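**Q** Got a predicted structure here, sequence first:
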Amino acid sequence: MPERDRLVIANCGGFWGDDPTAALRQVQGGPIDYLVMDYLAEVTMAILQKIRSKRPDAGYATDFLRQLRDVLPTCVEKGVKVISNAGGVNPRACGAAVEALARELGVADQVRVAVIEGDDLYPHLDEVLAAGEDLAHMETGRALAEIRERVLSANVYLGAAPVVKALELGANVVVSGRVTDTGVTLAPMIHEFGWAEDDWDRLAHGIVAGHIIECGTQCTGGNFTDWKKVPSFANMGFPLVEATPEGPFVVTKHPGTGGLVSVHTVTEQLLYEMGAPAYVAPDCVARFDSVRLEQEGPDRVHVSGIRGGPMPEKLKVSVSFAEGHRAYGRLVVSGPEALAKAEAVAEVFWESIGGRDAFDATSTQIIGWDATHPPLGDAEPSEVILQFAVRDRDEQKLKERFCPQVVPKVLGTVPGITYLPDAGRPRPSEVVGYWPALIARERVRCTVRVGDECVELPPAAPPAGDAAPFEPIAPTWPAIPGGETVSVPLSRLCLARSGDKGNTCNIGVIARSEGIYAWMREELSEAFVKRRFAGICRGEVERFEVPNLLALNFLLHESLGGGGTLSLQLDAQGKTYAQYLLAAEVRVPRALLAGLEGE
């Protein structure tokens, strides 16, 4: 039986580059048991691998050390344990840096650092391929051998198991490579509550808890559709999870902090970057269409009812590869007739460098008018930023043809034009492609090192047996009322959140009432979304129903210009797509608006 009936896990960052004061505020803001930090994204691994190739003692997220400097002595004093995947592609060097920091701060005798390795396939990639793992692209089916010479990094997504072992070995600071963002939150629950590897429903609660808090303040009022309901964005409260041995948990934040924790803020984050409702993590499958949310009190949302299933047979691998170079040029064009002037400049610019067909990919966007999506109105802006973008395998072509021709257009084209004072001549940067693949679990060897002790974990085999059958709820929804119809923006009826996975954007749309959800199921179709994103979404649109959250989740394939650093789009991560969808005008029965705020 677990020794404790509650565990408080605090997140202090959603990405490498998040608020550097978050760790200190989480430790000082109130009692916590664990501080978890997620730093890694797909492209981050490639950046770290390149840094390490130049400096063997580098290759980890240095921000981690800056935040740890603020809190390590206090964490030792209060018994707060720290878990982070900041180790990147060099966890051992990161662990050594933490130990050096502990000595500098005078707490070395009270800090036990665990280093988790085994996720990095890059040094052994040829052996892996020779053993029969083709690491085929999960979307295209192409074998990795086609781009082997251009691979920059290859990392397996590890689950919670190595972190749990590190805690069992007495570590109070755990440093890993590519442990999943959900794994760093799930691990303390497994360790403290003694959950078994086939206790799928409890594990699924931990997975969902990790997904909710992994993006920091995105679940506490940040990036929220109803942003005017957030009392304050100052001193934003980062999320806390109050976990229990049975699985259900509460999402909250420290008292007196900015932000908002509500059913809707949590629902939006649940849908962020979601695919099918069966969410696959290394530790188990969590059914997002089983989640139950309840407002327990101010800034407190109770989460329960989550069903889980066996861990997948294979683990996901994130491979990055070199895909040439890209460059951006930006000019400011002012009115009158700013749009006509911008179009004239664009025409002469591309003509002066040999035409758009001379490069692998090009883009012209008018920021302030149509850079993320088609215009929402007819009023012409008084000034815009004209952005040119180009990608090509030949870096020299960019240096000689594209880059020198941007700024000269200030003197040689239309009036009312200038360049950005901090920009000047563009410079090419390397483009990194993303290659998702799968690998058999038995190919992955993971080690946990604490002091002089090093333990190798055997590959985890999916437990025998199946989870109990699960059928999503199928309630009887209210009949869609007849009568007078009115035209309203979709935002009057719904909330939404969008995000990216490679070249696919997801948009989770949440109804403001059961009646509206019934209308959404009938009217908000794949075809509707496809039309809304005509010219942007070049692939198919998929729709998944998540009735327990009154939500529909749409996947817009081939909609992000290749995704990541490959894209030339202003919004390569789909952050703006939800807002553009919500701006769509729809006709609905007036009766559906009854009871909504403002009606």
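**A** Received, thanks.
**Q** Could you chop the protein up by domain?
**A** In the domain annotation for the chain, the residue ranges read 7-119+159-308, 323-432, 485-593 (automatic domain parsing).
**Q** Out of these, which gets nearest to residue 141?
**A** Comparing the domains of the chain by their distance to residue 141 (Cβ to Cβ), the top pick is domain 485-593, with 14.3 Å. Glycine gets a C-beta too; all of them are placed from N, C-alpha and C.
**Q** so what pLDDT did the nearest residue to residue 456 once chain neighbours are set aside get?
**A** Residue nearest to residue 456 in three dimensions, not counting chain neighbours: residue 447, with 5.0 Å by Cβ to Cβ, 6 or more residues apart in numbering. What the model reports as pLDDT for residue 447 is 96.
**Q** how about residue 447, secondary structure?
**A** strand (DSSP: H, G, I helix; E, B strand; the rest coil).
**Q** Surely it and residue 455 touch.
**A** Yes: the criterion here is Cβ atoms under 8 Å, and residue 447 meets it with residue 455 at 6.7 Å.
**Q** Could you say which one of the domains of the chain comes nearest to residue 459?
**A** Nearest to residue 459 among the domains of the chain is domain 7-119+159-308 (9.8 Å), distances taken as Cβ to Cβ.
**Q** End to end on the closest one, go ahead and measure it.
**A** 21 Å (Cα to Cα, to the nearest Å).
**Q** Please state the offset of it from the chain centre?
**A** 13 Å (Cα atoms, centre = their mean, to the nearest Å).
**Q** pLDDT of it, averaged?
**A** Rounded mean pLDDT across domain 7-119+159-308 is 95.
**Q** Can you give me every residue that contacts the residue lying closest to residue 64 once chain neighbours are set aside?
**A** Excluding its sequence neighbours, the residue lying closest to residue 64 (Cβ to Cβ, 6+ apart) is residue 86, at 3.5 Å. Residue 86 is in contact with 37, 39-40, 60-61, 63-64, 94, 175, counting by Cβ atoms under 8 Å, 6 or more residues apart in numbering.
**Q** Find me the pLDDT at residue 598, would you?
**A** For residue 598, the pLDDT comes out at 61.
**Q** Assumed residue 327 was part of a helix.
**A** No: checked against three-state DSSP, residue 327 lies outside a helix; its state is strand.
**Q** now what about whichever strand or helix holds residue 579, what contacts it?
**A** According to DSSP states H and E, residue 579 maps onto helix 577-582. Contacts of helix 577-582 with the rest of the structure, by Cβ under 8 Å, 6+ apart, involve 225, 372-373, 489-491, 494-498, 505, 507-509, 529, 532-533, 556, 559, 571.
**Q** Let me know the secondary structure of the residue nearest to residue 64.
**A** coil.
**Q** and the gap between it and residue 50?
**A** 17 Å (Cβ to Cβ, to the nearest Å).
**Q** among the domains of the chain, which is nearest residue 441?
**A** Using Cβ to Cβ, the domains of the chain put domain 7-119+159-308 closest to residue 441, at 8.8 Å.
**Q** re the thing from before, same list, the domains of the chain, but as TSV with distance to residue 149 please.
**A** Formatted as TSV, these follow (distance: least, Cβ to Cβ, whole Å):
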stretch	distance to residue 149
domain 7-119+159-308	15
domain 323-432	12
domain 485-593	18
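**Q** Now stretch 490-500 - C-alpha only, PDB.
**A** Output in PDB follows, covering the C-alpha atoms of stretch 490-500 (Å, rounded to 0.1, in the frame of the first residue of the first chain):
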ATOM      1  CA  LEU A 490     -18.200  30.000 -34.500                       C
ATOM      2  CA  SER A 491     -16.500  31.400 -31.400                       C
ATOM      3  CA  ARG A 492     -20.000  32.200 -29.900                       C
ATOM      4  CA  LEU A 493     -20.700  28.500 -29.900                       C
ATOM      5  CA  CYS A 494     -17.300  26.900 -29.300                       C
ATOM      6  CA  LEU A 495     -13.800  27.100 -27.900                       C
ATOM      7  CA  ALA A 496     -10.800  25.700 -29.700                       C
ATOM      8  CA  ARG A 497      -7.000  24.900 -29.400                       C
ATOM      9  CA  SER A 498      -4.600  23.900 -32.200                       C
ATOM     10  CA  GLY A 499      -1.100  22.500 -32.400                       C
ATOM     11  CA  ASP A 500       1.300  20.600 -34.600                       C
END
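**Q** now it, how far from the chain's geometric center?
**A** For stretch 490-500 - counting by Cα atoms, centre = their mean - the centre lies 17 Å from the chain centre.
**Q** Please pick the buried ones from the contacts of helix 577-582.
**A** Among these, those scoring as buried are 225, 372-373, 490-491, 494-498, 505, 507-509, 529, 532-533, 556, 559, 571 (criterion: 16 or more other Cβ atoms under 10 Å).
**Q** which residue sits closest to residue 95 in space, ignoring its chain neighbours?
**A** residue 115 (3.8 Å).
**Q** let me fix that: residue 285
**A** residue 309 (4.0 Å).
**Q** ok, residue 10 touching residue 26?
**A** Yes: between residue 10 and residue 26 there is a contact under Cβ under 8 Å: 4.3 Å.
**Q** Now for these two: what residues contact both?
**A** By Cβ under 8 Å, 6+ apart, residue 10 and residue 26 have these common neighbours: 32, 35, 238, 240.
**Q** Now for the nearest residue to residue 582 once chain neighbours are set aside: which residues touch it?
**A** Of all residues not flanking residue 582 in the chain, residue 491 sits nearest, at 3.9 Å (Cβ to Cβ, 6+ apart). Neighbour list for residue 491: 225, 582-583 [criterion: Cβ under 8 Å, 6+ apart].
**Q** For residue 491, which three-state class applies?
**A** On the basis of three-state DSSP, residue 491 is classed as helix.
**Q** Now do it, the pLDDT please.
**A** So residue 491 comes in at 97 (pLDDT).
**Q** What separation is there between it and residue 220?
**A** From residue 491 to residue 220 the distance is 21 Å (Cβ to Cβ).
**Q** what sits against residue 66?
**A** residue 20.
**Q** sec struct for it, please.
**A** helix.
**Q** Would you check how far apart it and residue 563 are?
**A** Distance from residue 66 to residue 563, counting by Cβ to Cβ: 29 Å.
**Q** Give me the buried positions along the helix holding residue 579.
**A** Buried, per 16+ other Cβ under 10 Å, within helix 577-582: 577-582.
**Q** doesn't residue 200 make contact with the residue nearest to residue 285?
**A** Yes: the pair residue 309 / residue 200 is scored as a contact, 5.6 Å apart, by Cβ under 8 Å.
**Q** My guess is residue 514 contacts residue 476. True?
**A** No: when contacts are counted by Cβ under 8 Å, residue 514 is not listed as touching residue 476 (10.0 Å).
**Q** neighbour-wise, which of the two wins?
**A** residue 514 (14 against 7; other Cβ atoms under 10 Å).
**Q** Give me the phi and psi angles of the residue nearest to the more buried one when sequence neighbours are not counted.
**A** Take residue 514 and drop its neighbours on the chain: the residue closest to it by Cβ to Cβ, 6+ apart is residue 478, 5.8 Å away. The phi and psi torsions at residue 478 (degrees, to the nearest 10) take the values phi -60, psi 150.
**Q** Next: the one 4 residues further on.
**A** For residue 482, the backbone dihedrals are phi -100, psi -160 (criterion: degrees, to the nearest 10).
**Q** And residue 431, by the same measure?
**A** According to degrees, to the nearest 10, residue 431 has phi -100, psi 130.
**Q** what about it, distance to residue 539?
**A** Computed as Cβ to Cβ, the residue 431 to residue 539 distance reads 21 Å.
**Q** okay, those two: which has more neighbours?
**A** More crowded of residue 431 and residue 539, by other Cβ under 10 Å: residue 431, with 23 against 14.
**Q** From residue 372, how far out is that one?
**A** In terms of Cβ to Cβ, residue 431 sits 21 Å off from residue 372.
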